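Asker: attaching a predicted model along with its sequence, questions to come.
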2 protein chains.
Amino acid sequence: MRAAYMYGAGDVRVIDVPDPAVKHPTDAVVRVIRSCICGSDLHPYHNKPATGEGTSMGHEFLGIVQDTGPEVGTVKPGDLVIAPFAWSDGTCDFCREGLQTSCRHGGFWNAGDVGGGQAEAVRVPLADGTLVPVPGIDENSPLLPSLLTLSDVYGTGHHAAVKGRVTPRTTVTVIGDGAVGLMAVLSAKRLGAEQIILMGRHTDRTDLGREFGATDVVAARGAEGIAEVRDLTGGDGTHVVLEAVGHMPAYEQALGVVRAGGTISRVGVPQYEQAPVGFSTLFGPNITLTGGPAPARAYISTLLPDILDGTVNPGKVFDQQISLDQTPAGYQAMDNRSALKVLIRP
Amino acid sequence: MRAAYMYGAGDVRVIDVPDPAVKHPTDAVVRVIRSCICGSDLHPYHNKPATGEGTSMGHEFLGIVQDTGPEVGTVKPGDLVIAPFAWSDGTCDFCREGLQTSCRHGGFWNAGDVGGGQAEAVRVPLADGTLVPVPGIDENSPLLPSLLTLSDVYGTGHHAAVKGRVTPRTTVTVIGDGAVGLMAVLSAKRLGAEQIILMGRHTDRTDLGREFGATDVVAARGAEGIAEVRDLTGGDGTHVVLEAVGHMPAYEQALGVVRAGGTISRVGVPQYEQAPVGFSTLFGPNITLTGGPAPARAYISTLLPDILDGTVNPGKVFDQQISLDQTPAGYQAMDNRSALKVLIRP
């Protein structure tokens, strides 16, 4: 089959690799019908040292089950399934608590002998715990882009809002107008927030953010951006800040716009290890810092109904569609910001 | 009147100062009947640059109201009152939310023209919002030491547990066997935690911790201490870590013993500004970092009944009692750890 591999920064190639096959009794093999490129894929696209071997890529996909091991009970060949960005057993204590990213027997795509979603097919370990079948949807459904967001970005935006404890009584700032930031806006709206301030500089994206529920847009950054958010909130900042970028300036922005007693919820993968957390930043004003990789699997059943009945259309974050062989150009488009999020149709 | 002032590291003196008097219509003047020395008073006792003027000290006291301004309505001369470690109006949005430490018109003792509790009397601003009268208790009551803990340490331990969301279903580690750590144990027990691991090296203090509800004591620190806590928790660490020290090794200890998806709740005043918060520490395992200065005022009504009916006896943290003139020796005793917490009886 064909699959996208990254060989170093800026070097993505679509190559021929062996077809995946059931290896363990709990495996399924899924033919990919939709996958995509994630903002987090751009980190290795910028930093990965050149290697001779390359690494398979992609951690978001929808597919049709092709084959299953003898111990798989919840999905069968022909089912259309959503794959979240971590695979998990669904039975351990962490999975039962809804923290599938810490599953005792789970893992992540593109590690060890498990491939990625930017490919024609994937071997899915622990298929019962990992995959979510969507009955009644076929591979020509117009809902596929929205369903694909349940693999990662919608679940990640929702995770930010849930960990930040967004309610109808909280005001919210979202930092970042990438796909995750826009999904954080949608998620805050879904949880009832009445003031949602989106910080972002790309008008086409912030316009979509307004459609998803942002009540205010602040394009300025740094001290000026902080001052604008404070002006919009009577000087106080917002109860919750959803940080969907991961770079230190975004963390500093979050510190500047969070209200005393409030919460900074991070879902942008931090590209720093040390950060200010002392008396003058988090401690004195009783700020909570939370977030992490979203247990997307835990949220699919919660978020799916609104997609199926058309209440929300998170698939709008996909503004470019390519074939699998065009994946290298898709990375370029995401990297140079000519695309918000690229959908791959193998 | 007599009052304790600090003139620099290691230099506490009890001096004569003018008697406080009502200055604003919302003031009360309180004659102090019990005060004490806080672990946080030891930070300036170690670091304060020498000054000619000195700073008044003490932020925990019980007293008898002596005089009130014309706008004070909830306390009257003769009332026995508890003063929390911040003064606050009780009416602003932060106070109504229970975050009196961020009161829009409040402040802290020993700043501006407001004195401290290690004195014979104190002018209390915003008396209605600040003071809590305790009817039926006189100044010879054996409950006074326990009531005094509501000024700070018991409220601070409770704040740690509340912000950490301790419940009967959470396991808890408490880092630090000082008065606040022991109050955190008592608070976790009160909220129903069934496993409470106290990390501390002073047997007399950890024995008191066991009396307050600790189920396990770990004396080791660093990697060895972390390994012991993990052994006690099936390898996982505890859902909640209450950090009652404030130094970086305690933060690192907290990272080592917190379970994936869990919460580190800090009430030890951080003596650092930068700390690790990235993928490998907080983010990857979805750890929440919370805490801050306790809004002690918010918790007095919650914690008072158990003291009045004898269910708890937090006053046991006071293991030395001195007169006001002996305050310099009290600081020495706290500093050299010969006293856990020193009660001052002016």
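Answerer: Looks like it arrived, so ask away. Numbering: from 1, shown residues only, chains lettered A, B, ... in the order given.

Asker: for A:His202, which residues are in contact?
Answerer: Residues in contact with A:His202 (CB atoms under 8 Å, 6 or more residues apart in numbering or on different chains) are A:Asp177, A:Arg337. For glycine as for every other residue, the C-beta is placed from the backbone atoms N, C-alpha and C.

Asker: tell me the pLDDT at it?
Answerer: pLDDT for A:His202: 95.

Asker: A:Gly117: how many residues sit nearby?
Answerer: The local packing of A:Gly117 (other CB atoms under 10 Å in any protein chain shown) involves 32 other residues.

Asker: hmm, A:Ile82 and it touching each other?
Answerer: No. Taking contacts as CB atoms under 8 Å, A:Gly117 lies outside contact range of A:Ile82: 11.1 Å.

Asker: quick one: distance of stretch A:275-286 to the chain centre.
Answerer: 28 Å (CA atoms, centre = their mean, to the nearest Å).

Asker: tell me, what's the model's pLDDT at the residue of the stretch 1-150 of chain A found nearest chain B?
Answerer: Closest to chain B within the stretch 1-150 of chain A is A:Ser102: 4.0 Å, counting by CB to the nearest CB. Turning to A:Ser102, the model gives it a pLDDT of 96.

Asker: what residues are up against it?
Answerer: A:Phe94, B:Ala260, B:Gly261, B:Pro285, B:Asn286.

Asker: hang on, isn't A:Arg13 packed against A:Ala4?
Answerer: Yes. Between A:Arg13 and A:Ala4 there is a contact under CB under 8 Å: 7.3 Å.

Asker: of those two, which one has the most company?
Answerer: Neighbours per residue (other CB under 10 Å) separate A:Arg13 from A:Ala4, with A:Ala4 holding more: 29 against 12.

Asker: does the more buried one sit in a helix or strand, and which one?
Answerer: strand A:2-8 (DSSP states H and E).

Asker: now that strand: average pLDDT?
Answerer: 98.

Asker: next: stretch A:218-229.
Answerer: Per-residue scores along stretch A:218-229 average to 97.

Asker: in it, what counts as buried?
Answerer: Going by neighbour count (16 or more other CB atoms under 10 Å in any protein chain shown), the buried part of stretch A:218-229 is A:Val218, A:Arg221, A:Gly225, A:Ile226, A:Glu228, A:Val229.

Asker: A:Leu303 versus the residue of the stretch 1-150 of chain A closest to chain B, what's the distance?
Answerer: A:Ser102 sits 20 Å away from A:Leu303, going by CB to CB, to the nearest Å.

Asker: per-domain residue ranges of chain A.
Answerer: Split into domains by automatic domain parsing, chain A comes to A:2-152+A:295-345, A:158-291.

Asker: which among those is found nearest to B:Ala28?
Answerer: Ranking those by their distance to B:Ala28 (criterion: CB to CB) puts domain A:158-291 first, at 26.2 Å.

Asker: all helices for the stretch 1-150 of chain A, in order.
Answerer: Shown for the stretch 1-150 of chain A, the helices assigned by DSSP state H, counting those that start in this stretch span residues A:42-47, A:93-96, A:127-130, A:144-149.

Asker: dump those into a markdown table; add mean neighbour count, distance to chain B and mean pLDDT as well.
Answerer: Listed next are the helices of the stretch 1-150 of chain A as a markdown table, based on neighbours: other CB atoms under 10 Å in any protein chain shown; distance: least, CB to the nearest CB, whole Å; pLDDT from 0 to 100:
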| stretch | mean neighbour count | distance to chain B | mean pLDDT |
| --- | --- | --- | --- |
| helix A:42-47 | 14 | 11 | 93 |
| helix A:93-96 | 18 | 7 | 97 |
| helix A:127-130 | 24 | 17 | 98 |
| helix A:144-149 | 25 | 21 | 98 |
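
Asker: mind putting those in TSV, distance to B:Gln66 included?
Answerer: Output for those, formatted as TSV (distance: least, CB to CB, whole Å):
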stretch	distance to B:Gln66
helix A:42-47	64
helix A:93-96	58
helix A:127-130	68
helix A:144-149	66
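
Asker: of all residues in chain A, which one is nearest the centre?
Answerer: Residue closest to the mean C-alpha point of chain A, counted by CA atoms, centre = their mean, is A:Val153 at 2.6 Å.

Asker: I'd say that residue and A:Gly315 touch.
Answerer: No. Between A:Val153 and A:Gly315 there is no contact under CB under 8 Å: 10.2 Å.

Asker: okay, and the common contacts of these two?
Answerer: Overlap of the contact sets of A:Val153 and A:Gly315 (by CB under 8 Å, 6+ apart) is empty.

Asker: where do the helices sit along the stretch 201-346 of chain A?
Answerer: Counting by DSSP H, counting those that start in this stretch, the helices of the stretch 201-346 of chain A are A:203-212, A:222-232, A:248-257, A:296-308, A:327-335.

Asker: quick one: the second one to chain centroid distance?
Answerer: It refers to helix A:222-232. Per CA atoms, centre = their mean, the centroid offset for helix A:222-232 relative to its chain is 27 Å.

Asker: from the contact counts, what lies against that helix?
Answerer: Packing partners of helix A:222-232 (3 or more CB pairs under 8 Å, 6 or more residues apart in numbering or on different chains; DSSP states H and E): strand A:196-199, strand A:216-218, helix A:248-257.

Asker: report all helices and strands that the first one contacts.
Answerer: Meaning strand A:196-199. Here strand A:196-199 touches strand A:172-175, helix A:179-190, helix A:203-212, strand A:216-218, helix A:222-232, helix A:248-257, going by 3+ CB pairs under 8 Å, 6+ apart.
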